[in-house]
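> fold the following, please.
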Amino acid sequence: MNMRKRILSGVLALSMTAGLLAGQTMMVSADEKEDISIALCITGTLGDKALADTTWSGLQRIMEEYDNVECKVFEATNGATDWEPNLIAASTDYDLVICTASSMGSVLQSVAERFPDVSYVSIDSPIDLPNVASCTFCCNEASFLLGCIAGLWTTRTELPGVNEDKIIGWISGMEAPINNDYYIGFCAGVEYTCPDATVLQSWTGTYSDPLMAKEMTKALISQGADCISPVLSSAAVGAHEACQEQGVYSFALDTDQDAVYPGTVITTALKDGSVVTYNYAKDFIEGNFSTEFRLLNLSMGAMDITDMAEIELALGDDFPADIKETVMELRQQIIDGELEVPYNPVVRGESE
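Numbering: from 1, shown residues only. Modelled structure (predicted):
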C-alpha cells in the first residue's frame, strides 16, 4: 500500500494539546493496563543537541505527568552495531517502542515484523506494517532555506571567511532516505539563489564519531567550502568545531545552537521531536494510538529556522540583512503553499 495515500489532510495538529488525530486504534487504554512501558531507540547517543535529545525530552515530560509510565532510552554507543540488539531488547520488555529510525528503518521493519504484538513509532522512515505508526519531518523544506542562505552567503566575499570560489560543503553520516531528503532540499536552495555554486557532499559512515566529522569537515574546507551543513546527530559537534577553528560558517540542526557557536553558525534548522514523542505516547497511554502516516512540515511549525540574531550580533554592521529578508520571504512562500520544494519520495512512502 502506498503510504502517501494515507497522509492525513489539513493541519496535522501534532502540537495540539488534544494529541494526534485518530486513525487505527490498536492499544488498550490506561484504565485497562496498570503499568505502561515506553522505549526510545536512537541512532546515536544523548547529548547531540538534536533529535535524540528532543525526542527524549518529550518522554521525560510524559513521566512527569503519568506516574504509571516507565520510559527508557536505548543509546547506540557503538553506532549501527547496537541498533538491532537495542530494538530487540526494547521490543522484549516494552509496550511501545519509538524509534528515530532514519538510517535504521530496515532494521526496525525486520524487528517489528518479529514482534507483531508490540506497537512502534517510526520517525523519518515510513514503514507499512499494522503495528507501526510512521511520521516524517519535511526536512527538505528547512534545508532548502539553509541552502538558499548558503547560496547567497558564499557570494559575499566582503564577509570574513568567505572566499571567491562559491563552494559549499554538506556532510552526513549514512546514505539514508531522510538524509537524502535534507540533501535534495539543500541543493535546491543553493541552486535557487546561486546556480553557479558547487555543493561538495561527504559521508562519515557514522553519527557517533565527532573526530572523524571534524577531519572530514576540514577536508571540505581545504577544497574551498566556506559554508558547511552537517547532518550528523551527535557527531556534528566535530564539524562545528572545525568551522570555528577554520573561520568558516556552518548550519546547525534540530535545537537552537546559534549561541553555542557564536559567529560561525548562521542559523539552525529547528525540528521539535519532543512534540512527536509526547503526543504519540499520550495517545498510546489513553488508548488512542493511531498508525496513520503523518507529514510534519513548515506550515504547521514542526520545523523552522532561527532568526539569525546571534550571527547578526557577531557580524554587527557587516551582517547581510538583505539575505535574512530574502530567506524569510521564501520561508513564508513555503508556508503559504506558493513555493514547492523538491523532496525524496521515499521518506513520504511514495515510490521513486
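> the helices in the stretch 201-350 of the chain, which residues?
Per DSSP state H, counting those that start in this stretch, the stretch 201-350 of the chain carries helices over the ranges 210-222, 236-246, 273-285, 309-315, 321-335.
> where's the residue nearest to D336 when sequence neighbours are not counted relative to N86, distance?
Leaving aside its sequence neighbours, D336 sits nearest to S299 (Cβ to Cβ, 6 or more residues apart in numbering; 7.9 Å). C-beta coordinates here come from the backbone N, C-alpha and C atoms, glycine included. Taking Cβ to Cβ, to the nearest Å as the measure, S299 falls 34 Å from N86.
> the more surrounded of the two?
Neighbour tally, S299 and N86, criterion other Cβ atoms under 10 Å: the higher count belongs to N86, 26 against 14.
> show me the contacts for K218.
A242, Q246 (Cβ atoms under 8 Å, 6 or more residues apart in numbering).
> scratch that, T92
T92 is in contact with F115, counting by Cβ under 8 Å, 6+ apart.
> what residues sit buried inside stretch 61-80?
Neighbour counts over stretch 61-80 (16 or more other Cβ atoms under 10 Å) mark R61, I62, Y66, V69, E70, C71, V73, F74, E75, A76, G79, A80 as buried.
> wait, is the last one part of a helix?
Yes - assessed with DSSP: H, G, I helix; E, B strand; the rest coil, A80 lies in a helix.
> now A219: closest residue in space that isn't a chain neighbour?
Nearest residue to A219 in three dimensions, chain neighbours excluded: S202, at 7.2 Å (Cβ to Cβ, 6+ apart).
> residues in a beta bridge with the one you found, which ones?
Beta-bridge pairing of S202 under DSSP bridges involves I171.
> and it, how far is that from S119?
37 Å.
> same deal with A314?
46 Å.
> who has more neighbours out of the two?
S119 (23 against 17).
> confirm for me that V265 is in contact with V237.
No - when contacts are counted by Cβ atoms under 8 Å, V265 is not listed as touching V237 (11.7 Å).
> those two: who's more crowded?
Relative neighbour count places V265 above the other of V265 and V237, with 24 against 21, counting by other Cβ under 10 Å.
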